[in-house]
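In: would you be able to build a 3D model of this:
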Amino acid sequence: MDKEELKKNIDESTTEDDSLNTQSIENDDIDQKNEDKNLESEEKKEEKLTPEEELEALKDKLARTFAEMENQRRRFEKEKEDAYEYGGYSFAKEALNLLDNLERSKAVLESDEKLKDTDALKKIIEHLDIINSDMLSIFKKNNIEPVKSINEKLDPNLHQAMMEIEDDAKEPGTIVQEIQKGFMMKDRLLRPSLVGVSKKKEKEEEKDDPKNEKNQ
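Out: All right, here's what the predicted structure looks like:
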């Protein structure tokens with residue numbers, strides 16, 4: 001291949017590349033124009049809204065805004081009421097331990113053989129009962145009251161069964177023993193009552209099984 005043919009091939013290749021680049025640029029320009037037309041058409045659609053339509057759109061946005069503000073106000077009011085009504089919930093729950101300790105102390109003293117039937121024990125028990133009564137009175141003033149248990153039907157929302165006690169005189173599931181007193185703060189449970197519930201006495205199995213005798 002002589003120099004003239006080589007030069008001719010190079011010129012032809014360059015021309016083809018230039019042609020391809022020009023075509024690519026033209027395609028990009030067409031795509032950009034199409035995008036611009038779409039944007040213009042959307043803007044025109046928005047511009048075509050009548051004053052009445054624009055007013056309705058504004059009213060709708062305003063109504064939505066007011067609705068959201070009202071929902072936020074209600075949530076804030078509910079949180080404020082809960083804080084006021086149940087602000088002492090945690091404190092009250094912890095304070096129940098004082099009542100438990102009083103009951104335990106009373107039980108220990110009453111079971112002490114050295115103190116039984118003594119005047120000292122009677123005075124101590126009397127003072128413990130006064131303290132217990134005062135605490136219950138303070139709780140009641142703050143809407144904290146014991147859960148009813150004895151002779152009530154077991155309610156899983158208020159009671160927790162710890163044992164079953166055979167008792168034919170009571171309907172099965174009736175609370176016959178209170179192990180630990182439960183408490184409510186208004187409509188909220190501070191803690192459930194720990195209780196024992198009744199069940200029917202089991203019938204004793206016959207010692208001599210007729211079937212076994214026949215088999216023998």
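
In: show residues contacting stretch 140-159.
Out: Applying CB atoms under 8 Å, 6 or more residues apart in numbering, the contact partners of stretch 140-159 are 88, 92, 136, 139, 161, 170-171, 173-178, 181-186, 189-190, 192-195, 197. Bear in mind the C-beta positions are built from the backbone N, C-alpha and C, glycine included.

In: report the buried residues of it.
Out: By neighbour count on 16 or more other CB atoms under 10 Å, the buried set for stretch 140-159 is 144, 146-147, 149, 152, 154, 158-159.

In: domain parsing of this protein, as residue ranges.
Out: 48-86, 98-142, 144-201 (automatic domain parsing).

In: and Arg191, what does it touch?
Out: 93, 96, 182-183.

In: so of these, which ones are in strands?
Out: Per DSSP state E, strands hold the following members of the contacts of Arg191: Phe183.

In: so which of the contacts of Arg191 is the closest to Arg75?
Out: Taking CB to CB as the measure, Arg75 lies nearest Lys93 of these, at 25.3 Å.

In: how about the closest one, nearest residue that isn't a chain neighbour?
Out: Excluding its sequence neighbours, the residue lying closest to Lys93 (CB to CB, 6 or more residues apart in numbering) is Leu190, at 5.2 Å.

In: looks to me like the one you found is in a strand.
Out: Yes. Secondary structure of Leu190 (DSSP: H, G, I helix; E, B strand; the rest coil): part of a strand.
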